[in-house]
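**Student:** This is a predicted model, with the sequence first.
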Amino acid sequence: MMFTPILALTFTAIAPIVNAYPITGDVVNCRSGPGTSYSVVTSYKKGADVAISCQAAGTTVNGNEIWDKTSDGCYIADYYIRTGSSSYVTKKCDGSSGDGSSGDGSSGNLPGLTSTQSKHAKAIIGEAKREDLGRQGCLAGIATGLVESKMLIYANKKVPASLNYPHDAVGSDYDSVGIFQQRAVYYPDIAADMDAAKSAAQFFKGMKNVSGWKTMEVGKLCQKVQGSAYPSRYAERVADAKKICAAGGL
């Protein structure tokens with residue numbers, strides 16, 4: 001009987017932590033909120049186990065918008081934690097997500113878009129409204145954003161300055177950055193390229209220079225502005241753009 005407490009203590013010491021998962025990145029930042037724009041609280045090395053208290057939607061990282069809140073009270077992109085799933089594995093955090101929507105990422109989302117995508121799409125719609133471009137401008141901007149980046153803000157290692165701004169993913173197509181994949185050689189204002197509303201304004205500037213843009217078929221209009229090697233892709237996303245613009249008030 002005297003050995004029972006010792007055995008119990010030994011078992012407790014080697015028992016795994018509930019809801020603890022390993023870090024997969026070399027050095028991963030834990031931030032004050034669920035998004036890359038939040039300040040870094042601490043960092044974890046590869047292989048370290050972290051306990052997850054809850055999960056929330058935030059900035060999309062390599063296609064995953066889930067952020068895990070650790071027992072330290074900070075957030076790590078779920079992409080960098082091996083939970084064995086790309087979906088939620090525990091309860092959702094209370095409060096707001098990294099982009100101002102509810103913690104489950106559903107409140108205020110536009111049709112077919114995640115919370116991060118919705119935030120960017122709303123910025124594009126807002127710019128279309130500000131410039132009084134109507135439904136035509138909205139459709140062109142949204143369809144282009146869906147095709148070029150799936151409505152995500154891309155940085156590019158070939159454009160080092162772009163990595164200094166909040167981004168959802170990192171691409172490698174020439175020197176293209178941002179939602180509209182605007183090439184830095186033609187759009188040298190990287191701060192504007194990496195901002196949803198400002199990059200939309202740059203897109204709309206080119207659009208308004210297209211003769212007959214107000215009545216032109218939307219897919220054709222997008223191609224006139226972008227000069228893509230795959231011109232038919234824009235028309236394929238117009239139906240989605242119509243739903244998004246309608247939900248956004250245009």
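**Tutor:** Yep, it's here.
**Student:** Show me the shaky parts of this protein.
**Tutor:** 1-19, 95-107 (pLDDT under 70).
**Student:** remind me, longest strand of it?
**Tutor:** Using DSSP state E, we find that the single longest strand of the chain is strand 49-61.
**Student:** how far is that one from where the chain is centred?
**Tutor:** On the basis of Cα atoms, centre = their mean, to the nearest Å, strand 49-61 is displaced by 14 Å from the centre of the chain it belongs to.
**Student:** export that strand as CSV, just CAs?
**Tutor:** C-alpha atoms of strand 49-61 as CSV (Å, rounded to 0.1, in the frame of the first residue of the first chain):
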residue,chain,number,x,y,z
ASP,A,49,4.0,20.6,-27.4
VAL,A,50,1.3,23.2,-26.9
ALA,A,51,-2.0,22.9,-25.2
ILE,A,52,-4.9,24.3,-27.1
SER,A,53,-7.7,25.9,-25.0
CYS,A,54,-9.9,26.9,-28.0
GLN,A,55,-9.8,27.8,-31.7
ALA,A,56,-10.9,30.9,-33.7
ALA,A,57,-11.1,32.0,-37.3
GLY,A,58,-8.6,34.6,-38.4
THR,A,59,-6.0,35.4,-41.1
THR,A,60,-5.8,32.6,-43.6
VAL,A,61,-2.4,30.9,-43.6
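**Student:** which parts of that strand are buried?
**Tutor:** 50, 52, 54, 55, 56, 57, 58, 59, 60, 61 (16 or more other Cβ atoms under 10 Å). Heads up, the C-betas are built off the backbone N, CA and C, glycines and all.
**Student:** And the residue nearest the centre of the chain, how far from residue 222?
**Tutor:** By Cα atoms, centre = their mean, the chain has its centre lying nearest to residue 60, at 3.3 Å. Taking Cβ to Cβ, to the nearest Å as the measure, residue 60 falls 23 Å from residue 222.
**Student:** Out of the buried residues of strand 49-61, flag the one nearest to residue 229.
**Tutor:** Of all these, residue 60 has the smallest distance to residue 229: 25.3 Å, by Cβ to Cβ.
**Student:** right, and the closest one touches residue 117 too?
**Tutor:** Yes. At 7.4 Å, residue 60 counts as touching residue 117 under the criterion of Cβ atoms under 8 Å.
**Student:** The residue nearest to residue 174 when sequence neighbours are not counted: what's it in contact with?
**Tutor:** Distances taken as Cβ to Cβ, 6 or more residues apart in numbering put residue 183 closest to residue 174, at 6.0 Å, once the chain neighbours are dropped. Contact analysis of residue 183 by Cβ atoms under 8 Å, 6 or more residues apart in numbering lists 174, 175, 176, 177.
**Student:** which helices and strands sit right next to the longest strand of the chain?
**Tutor:** strand 20-22, strand 64-70, strand 75-77, helix 115-130 (3 or more Cβ pairs under 8 Å, 6 or more residues apart in numbering; DSSP states H and E).
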